[in-house]
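J.: quick one: sequence and predicted model below, then my questions.
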Amino acid sequence: KDDRSRFWQLYGQVAEEHDSDFLERYSKDMDSILLFSGLFSTVSSSFIVAMESNLSPDPSDTTNALLTQLVQIGLGNFSEAGSTPEDPASTWSPTASVVRIQMIAYASLSMSLLAAFAAVLGKQW
């Protein structure tokens, strides 16, 4: 009975050392993941904001079309001015490459935030 109690006492010490080393190592790893995902999310967000203007028509195109029509009316060229203003925004659509790039940027931001969320859950567990 004495040998068994020493065995379990020794086992408890070894297990406690192993568990504490394991938790310390993975806690540091999760800190690194949190730091990296935070920085990556910040950079990714700034790129998304910079590329957001590529998804909508340029408002100056509509202004230029309306000004051209006003000039034509002012010059008396009613036939060239047309009866309804031409709206360039109605025919505009973003290119496929811009849409793909935006999809990839949003997917990478989502994955980065998911990694940060998982690291926070791991640290609290």
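T.: Everything's here; your move.

J.: list phi and psi for residue 58.
T.: Main-chain torsions, residue 58, degrees, to the nearest 10: phi -70, psi 120.

J.: and it, how many neighbours does it have?
T.: Other residues lying near residue 58 total 13 when counted by other CB atoms under 10 Å. Bear in mind the C-beta positions are built from the backbone N, C-alpha and C, glycine included.

J.: begin at 10 from now on, thanks
T.: Fine by me, first position is 10 from now on; the one you just mentioned is residue 67.

J.: against residue 74, how distant is it?
T.: 11 Å (CB to CB, to the nearest Å).

J.: tell me the contacts of the residue sitting nearest the centre point of the chain?
T.: Note on the chain: the residue nearest the mean C-alpha position is residue 118, at 2.7 Å, using CA atoms, centre = their mean. Residues near residue 118 by CB atoms under 8 Å, 6 or more residues apart in numbering: 50, 53-54, 57.

J.: what about it, helix or strand, and which?
T.: Using DSSP states H and E, residue 118 sits in helix 105-133.
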